[in-house]
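Novice: Quick one: sequence plus predicted model below, questions after.
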Amino acid sequence: MLSYKGYIGHIEFDDDAEIFHGEVINTRDVITFQGKSVKELKKALIDSIEDYLDFCASRGETPDKPFSGKLNLRLDPELHRKAYVAAKHEGQSLNTWIVHAVEKGAQDSYYQ
């Protein structure tokens, strides 16, 4: 993964075309890039994001930010109850308990 100005690019390699291609994954807008080397790929990511930001500015639009920090979550009612009980048992709000659980999961992931 590559990142620039908070935007994260997910990269894949196309064996047939012998080219790297990627897409920014933390925005609803579509931002893509490609390159034949890591150096080209990094430059293409930066150029694509700058083009996106310039395009938004030229239209007077606010660019889609990578994330707002708000998350609507749907849970099975039984899991919701268990999470609430666990949070109360630890003296936390459900929101704080979920944030800590997500932080732990993110630390354990390959992204770190």
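Specialist: Yep, it's here.
Novice: ok, now which ones touch Gly91?
Specialist: With contacts defined as Cβ atoms under 8 Å, 6 or more residues apart in numbering, Gly91 has no neighbours. No exception for glycine: its C-beta is placed from N, CA and C like everyone else's.
Novice: what do you get if the cut-off is 10 Å, keeping everything else the same?
Specialist: By Cβ atoms under 10 Å, 6 or more residues apart in numbering, the contact list for Gly91 reads Trp97.
Novice: Which residues does the helix or strand where Phe55 lies contact?
Specialist: Phe55 is part of helix 38-58 when elements are defined by DSSP states H and E. Contact with helix 38-58 is made by 2-9, 11, 13, 19-24, 27, 29-37, 61-64, as judged by Cβ under 10 Å, 6+ apart.
Novice: Tell me which of these fall in strands.
Specialist: 2-4, 7-9, 11, 13, 19-24, 32-35 (DSSP state E).
Novice: ok, now how distant is the residue nearest the centre of the chain from Gly91?
Specialist: In the chain, the residue lying closest to the centroid (Cα atoms, centre = their mean) is Asn26, at 3.3 Å. Applying Cβ to Cβ, to the nearest Å, the value for Asn26 to Gly91 is 32 Å.
Novice: Past the helix holding Phe55, which element shows up next along the chain?
Specialist: Immediately after helix 38-58, counting by DSSP H and E, sits helix 77-89.
Novice: name the helices or strands packed onto that next one?
Specialist: If you count contacts as 3 or more Cβ pairs under 10 Å, 6 or more residues apart in numbering; DSSP states H and E, helix 77-89 packs onto helix 94-108.
Novice: Mind giving me the packing neighbours of the helix it packs on?
Specialist: helix 77-89.
Novice: And the helix it packs on, what's buried?
Specialist: Ala83, Ala87 (16 or more other Cβ atoms under 10 Å).
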